[in-house]
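> need coordinates for the below:
(one chain, ligands or ions: 2)
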Amino acid sequence: MGWIDFLFPRFCLGCGWPGVYLCDKCLGRLRFCPEICFYCARRSWLGKTHHPCLVDGPIDGWSSLFYYDRLTKKIIGEAKYRQFYRVLHEFCFGLGRCEVLRRLGRLKDLADGQVDYYLPVPLHPQKHQERGFNQADIIAAWLQGFLPRPLFAGVERVRPTLPQAQQKTIVKRRQNLRRAFRIINRAAVVGKTFLVVDDVVTSGATVTELARALKIAGAARVYLFTLARGRRN
Ligand SMILES: [Zn+2]
Ligand SMILES: [Zn+2]
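Ligands and ions are numbered 1, 2, ... in the order given. Below you'll find the predicted structure:
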């Protein structure tokens, strides 16, 4: 037992079983979601947005590992405040490792072999300071182990947004997010392909707003990777 285990005793984030971050039982219960179009939610090759669906918005494709169900909600929620990086590694060593590795191997194909930058969805500086880290940064660092690409740091979140859950209607949610992101260095964005990274997508409003800001600034393509996807409404 290393010092880190002494300071942070391990127990399964799903069920509390001691000694691991994810036990075999919980790993076996993780449900992989199919590769679907971000807009119409029908199956699509690698998660690419169908051609006719591209008129609906700025996201060119989406890869997500799991459904955002009770188990993944618990794991991701707990992991935020613990050894998130180690939890991500356990996804790759557990029962679903073949599928996780296969999905990560397909990220490059999703973007037609072309990813210039990872862009972890930025938190507002105030929130970042409160939490001490951005979970999207940790996920992007983990992805770099499979597909080495630089992180893009030229976007900031300029407006603290109210929690999406408190926004009653879709219109209110959108208003809440409008101009939430600012591109600091526009020249660096032009013609580039981005892989936006976040832990979970539920309504999709935040990543849509970020992708829109990138496209307006001249980005060629914007793809999305998330650990889990909830139901969009
Ligand atoms: Zn468990
Ligand atoms: Zn579609």
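> for the spatially most central residue of the chain, give the beta-bridge partners.
Ranked by distance to the mean C-alpha position of the chain (CA atoms, centre = their mean), the top residue is residue 198 at 2.2 Å. On the basis of DSSP bridges, residue 198 is bridged to residue 226.
> for residue 60, give its distance to residue 47.
Per CB to CB, to the nearest Å, residue 60 is found 10 Å from residue 47. Yep, even glycine has a C-beta here, placed from its N, CA and C like the rest.
> and if you look at residue 181?
Residue 181 is 23 Å from residue 47, by CB to CB.
> higher neighbour count, the two?
residue 47 (25 against 22; other CB atoms under 10 Å).
> what's that one in contact with, if anything?
Shown in contact with residue 47 (CB atoms under 8 Å, 6 or more residues apart in numbering): 35, 36, 37, 38, 61, 62, 63, 64, 110.
> circling back to that earlier point, in contact with the residue nearest to the centre of the chain, which residues?
Residue 198 sits next to 120, 121, 136, 139, 206, 207, 224, 225, 226 when contact means CB under 8 Å, 6+ apart.
> what sits against the fourth one?
It stands for residue 139. 88, 120, 197, 198, 199, 225, 227.
> next: residue 85.
Neighbours of residue 85 in contact, by CB under 8 Å, 6+ apart: 138, 141, 142.
> the second one: how many residues sit nearby?
The one in question is residue 141. 15.
> dihedrals phi and psi, it?
phi -60, psi -40 (degrees, to the nearest 10).
> quick check: mean pLDDT of the lengthiest helix in the chain?
Counting residues, the longest helix found in the chain (DSSP state H) is helix 205-216. If you average the pLDDT over helix 205-216, you get 94.
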